[in-house]
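**Q** prediction below, plus the sequence it came from.
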Amino acid sequence: MSSLSMYSGPDKMHTTLSQWQDIPLHRLMLATLIEKLENRLLANPSATRVLEQWISTYNLAPDNNLHAHRQTEGTAPCPPFLLQTLLGTCDTQAEDVHYRKVQLTAHGKVFSEAENWYIPARLSPEMATQLDTTDKPFGLVVAALNFSRQLIKRESLWFPLPDQWEQHGIPVGSGKPIGLPPYLFRHMAVLRTQTGQAFCVVIETYTAEALGFRPPAMPA
């Protein structure tokens, strides 16, 4: 059974047509952009700040600030391999684990969906209260911990180039707008305090809204 068998994933979203065309150059550009965004996220403990900078750079929303919308309906079980990472091997199985899901949006566009499983007892009371009662992004709430972020697993959900393109080439394409999928990639990570104690595991799924800008002009 897959380690993700208990994880249902984010809510369904629809594929949308983009301003990018189905031609080799645009597909190569999209592949480079996806890699660029993912590398920035992997190099920075705060996904919120990376996304805000990305939105500003590519003018994806008039308001560059991301807004977190906490989803209050229901909970989801933590995938077992992530739960084991969070609790560790010591006798902490009785510790209370809370669930929190938010969508990070700007100008009505959803740029990522984040699911957090965290242990309130390992946070300050003020942090725990904010996570339970506000829409503030998780990373901003716990920023005072100066936490580190360790990637556990990544999943590519869509890539604009075909498998083995470097051997078989890239198809000429139709020249029509590319239908961008709902999601690009997913990261699963553990957040740790400066002493190395895990206090949260997170699954973040990033959407194709990050690619929702006009391609650069083609050379004459």
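**A** Sure, I can see it. Please read all numbers here as calculations on a predicted model, not as lab measurements. Numbering: from 1, shown residues only.

**Q** burial measure for the nearest residue to Glu95 once chain neighbours are set aside, as a count.
**A** Of all residues not flanking Glu95 in the chain, Ile119 sits nearest, at 5.2 Å (C-beta to C-beta, 6 or more residues apart in numbering). Where you see a C-beta, it was placed from the backbone N, CA and C, and this is true even at glycine. With neighbours defined by other C-beta atoms under 10 Å, the count for Ile119 comes to 19.

**Q** OK, contacts around Ile119?
**A** Leu86, Glu95, Asp96, Val97, His98, Phe199, Cys200 (C-beta atoms under 8 Å, 6 or more residues apart in numbering).

**Q** what residues does stretch 128-145 touch?
**A** Counting by C-beta under 8 Å, 6+ apart, 45-49, 66-70, 98, 100, 102, 104, 114, 116, 118, 120, 123-124, 127, 191, 193-194, 199-200, 202 sit against stretch 128-145.

**Q** so how do I select the buried members of those residues in PyMOL?
**A** Burial among the contacts of stretch 128-145 is assessed by 16 or more other C-beta atoms under 10 Å; the matching PyMOL selection reads:
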select buried, resi 45+46+47+48+49+66+67+68+70+98+100+102+104+114+116+118+120+123+127+191+199+200+202
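
**Q** from the contacts of stretch 128-145, which land in helices?
**A** Counting by DSSP state H, the contacts of stretch 128-145 place Ala47, Thr48, Arg49, Met127 in helices.

**Q** kindly tell me how buried the spatially closest residue to Leu25 that is not a sequence neighbour is, as a neighbour count.
**A** Distances taken as C-beta to C-beta, 6+ apart place Met218 nearest to Leu25, at 7.7 Å, with adjacent residues excluded. The tally of other residues near Met218 (other C-beta under 10 Å) stands at 9.
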